[in-house]
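Undergrad: Turn this into a model:
(chains A and B, ligands or ions: 2)
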Amino acid sequence: MFLLSILRVIKFSLQDFWRNIWLSVVTILILVLALLSVNLLLVVKVLGSTAIDAVKEKVDISLYLRSEAPENRIFTLKDRISGLDSVKEVNYISKQTAIENFRDKHKNNQDMMLALSELGNNPLSPSLVIKPKEVDNYDELIVSLNTIDDQIIESRNFDDHKAMLAKINNITDKASRAGLIISLFFVLITVLVVYNTVRVAIYTHKREIGIMKLVGASTWFIRAPYLISGIVYALLGVSAVIIILYPLLSLIQPYLANFFSGFEINILTYYNNSFIKIFGLEILAVILINFLASLVAVGKYSKV
Amino acid sequence: MNMIKLENITKIYPPDIKALYRVNLHIKPGEFVSLVGQSGTGKTTLVKILIGEERPSQGRIVVGGWDITDIGQAEVPVLRRQIGVVFQDFKLLHRKTLFENVCFALQVCGEPSSKINNIVPQVLKIVGLENKMRRYPLEVSGGEQQRTVIARALVHRPKILLADEPTGNLDSINADEIIEILQKINKFGTTVLLVTHNREVVNKLRKRVITIENGMIVGDQAVGKYIL
Ligand SMILES: Nc1ncnc2c1ncn2[C@@H]1O[C@H](COP(=O)(O)OP(=O)(O)OP(=O)(O)O)[C@@H](O)[C@H]1O
Ligand SMILES: [Mg+2]
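TA: Numbers count the residues shown, from 1 in each chain, chains lettered A, B, ... in the order given. Ligands and ions are numbered 1, 2, ... in the order given. Below you'll find the model as predicted:
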C-alpha cells in the first residue's frame, strides 16, 4: 500500500507539472535566474581569491649581501634563515644570477644596457630571497630576521613590503567582508523568490489541498507531491544552469587568462573539479527551500 | 449509545466571539437531525468541531464512541474517513470528471485501485449520476455537482454524514432532490446532520429539529417545524 501511494503521488505530481506547464516553466525560469546569479557570485569570488593568493605568493623579502661575501658564509646564513619557523623557503641569488636577470629584464632597453657595459664590472649585490610561510606572519618573520646579525648583510629594508602587505590584507579583508554581505544578500533574495514561487504554486492547489484534508488524506500524502515536484524543479533547474553556464565560462575563460596573465587561473577547471560539490549543494539547497516553503504554504492554505 | 455526544461545548474565537455556548446534544445512530438557526449562530462552527477542524474551548465531544475533544493532528484524517462532509460551495476539482473527483477521495487515502473501481460506481449510482460521471463539473447543473460531492462524502462508507447548507446554492427542485438523496442515505443506516436555512425543507422532512440561537440550543423537537 505504501508503494502504491508513492507511485500515485509521483503520478499526481507529474500530471500536475504538465497540467500547469506554464507555472512549472516560470518556476524553473526563476530558479535558473537565481542559481545563475549565485554561480556568478561564486565565479567572482574564485577569481578574487585566486588573484589575492597570487599576489601573496609574490610577497618576499630580499636580504642584500656584501659584494665580496664568500659563498660558504652565505650558505651558512641561508641555512640559518631556512631554520626559522616562519620561513617557507630561501633562495640564493648570486651576483652572476642577479646580473643575468637584470640583462634579461632590460634587454630591450638600449640605454640601460649601454650603461651597464660602461660600468665594466658587475655592480649588483648577491641576495637571499625569503618567502614567508604565511603572509600573515610577516611581522613575526621580520622580528626574527632582525635578530640575525651577520657582517655579510649589507642592508635589510623591510618597510616597503610592510606597507604593501598591510594594503593587501586590508583589501582582502574588505573584499571578503563585502563578498560575504553580497552573498548573504543574494542567498536571501534567492530564498525569498523561490519561497514565493512555491507559495504561488501551492496557492493554485488550495482547493485540492482543502478537499484532500476534508476526505481524510494523510498529511504526508498532501505534502509529498510538493516534495517531489520540488525535486523535479531542482533537477531541471540545475541541469539548465549547467547547460547555460559551461558555454558561458568557456567564452570568458580566454579573457580571464589574458587579464590575469602570469597567474594560473582556469575557471572551467575549477568547476570541473568541484562539479559534484557545487551543483550537488545547489540541488540540495533548492530542495530544502522548496520543502520548507511547501511546509509553510500547505499548512496555510489547507483550512477547509 | 450515542453516535454524537456534545457535553457543555463552548467555542470562543479570539478575541472573545462566543460562537457556541454550553451546547449539550445527543444524537443516536441512524437519526436524521436538522440544525436550524439564523446566520452567525454557530452552526458551521459545530460542524467544524465535529470534523476536528476546530477544537472546542470547553466541554467534551464524543463521536462514535471516540472522544475527540483533544484529537491530535495525526488522528484527524482517521476521523474524517468516518464522517462524510458536504458544504454549500461544491468544492469539486474542475479539471477532473465527476468520476475522477469521487475517485480522488479514495486515491489520496491510499486505497487500492480494485476497491476504488468497485466503490465509486456504487456511490455514483446512489446519487443517480451513473450516466453523467464522465462529464466535468462545469458541464453539469449545480444540483448534479452537489450530488457528486455527496457521492464523494460516501466513499469511505461513513457512519455520519454532515451536510452544511447543501441546498444553499440550489433552486427548490434541485434542493428537493438533494434532500431525497440524504433521506435515502439515512435509510441505509447513516446518521445524518443537516444544517439548513430552508424552512420548506425542514417542515417537509418531519424529523428531529434542533434550533440554535446565539450559540445556544433553544429548541429540540422530535418532529419539528422551522420555528424562527
Ligand atoms: N475563524 C473564525 N474566527 C473568528 N470568528 C469566527 C470564525 N468562524 C466563525 N466566526 C464567528 O463565529 C460566529 C458563528 O459562526 P458560524 O460560521 O458558525 O455561523 P453559522 O451559524 O454557520 O452562520 P451561517 O448560517 O451564516 O453559515 C459568527 O459570529 C462568526 O463571525
Ligand atoms: Mg455556516
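Undergrad: Please, where are all the strands along chain B?
TA: Ranges of strands within chain B are B:4-13, B:17-27, B:32-36, B:58-63, B:66-67, B:83-86, B:160-164, B:191-196, B:208-213, B:216-221, based on DSSP state E.
Undergrad: Redo the ones you listed as JSON lines? Include mean pLDDT and distance to chain A.
TA: C-betas here are computed from N, CA, C, even on glycine. Below are these laid out as JSON lines (pLDDT from 0 to 100; distance: least, C-beta to the nearest C-beta, whole Å):
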{"stretch": "strand B:4-13", "mean pLDDT": "94", "distance to chain A": "13"}
{"stretch": "strand B:17-27", "mean pLDDT": "93", "distance to chain A": "16"}
{"stretch": "strand B:32-36", "mean pLDDT": "94", "distance to chain A": "18"}
{"stretch": "strand B:58-63", "mean pLDDT": "94", "distance to chain A": "14"}
{"stretch": "strand B:66-67", "mean pLDDT": "92", "distance to chain A": "14"}
{"stretch": "strand B:83-86", "mean pLDDT": "93", "distance to chain A": "6"}
{"stretch": "strand B:160-164", "mean pLDDT": "95", "distance to chain A": "10"}
{"stretch": "strand B:191-196", "mean pLDDT": "95", "distance to chain A": "14"}
{"stretch": "strand B:208-213", "mean pLDDT": "93", "distance to chain A": "20"}
{"stretch": "strand B:216-221", "mean pLDDT": "89", "distance to chain A": "24"}
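Undergrad: mind giving me the domain split of the chain?
TA: Chain wasn't specified; assuming chain A. Per the record, chain A has its domains at A:2-56+A:169-301, A:67-151, by automatic domain parsing.
Undergrad: wrong one, I was asking about chain B
TA: Per automatic domain parsing, the domain ranges recorded for chain B read B:1-82+B:159-228, B:93-157.
Undergrad: Redo these as a markdown table? Include distance to ligand 1 and mean neighbour count.
TA: Formatted as a markdown table, the domains of chain B follow (distance: least, C-beta to the nearest ligand atom, whole Å; neighbours: other C-beta atoms under 10 Å in any protein chain shown):
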| stretch | distance to ligand 1 | mean neighbour count |
| --- | --- | --- |
| domain B:1-82+B:159-228 | 3 | 18 |
| domain B:93-157 | 16 | 19 |
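Undergrad: I'd like to know which residues of chain B are adjacent to chain A.
TA: Proximity of chain B to chain A is confined to B:48, B:51, B:53, B:73-74, B:76-81, B:85, B:87, B:91, B:93, B:95, B:104-105, B:107-110, B:112, B:152-153, B:155-156 under the rule C-beta under 8 Å from any C-beta of the partner chain.
Undergrad: Which ones among the residues you listed map onto helices?
TA: Residues of those located in helices (DSSP state H): B:48, B:76-80, B:104-105, B:107, B:152-153.
Undergrad: lowest-confidence helix or strand of chain B?
TA: One helix or strand of chain B scores below all others by mean pLDDT, DSSP states H and E: helix B:199-205, with a mean of 85.
Undergrad: Mind giving me the packing neighbours of that helix?
TA: strand B:32-36, helix B:172-187 (3 or more C-beta pairs under 8 Å, 6 or more residues apart in numbering or on different chains; DSSP states H and E).
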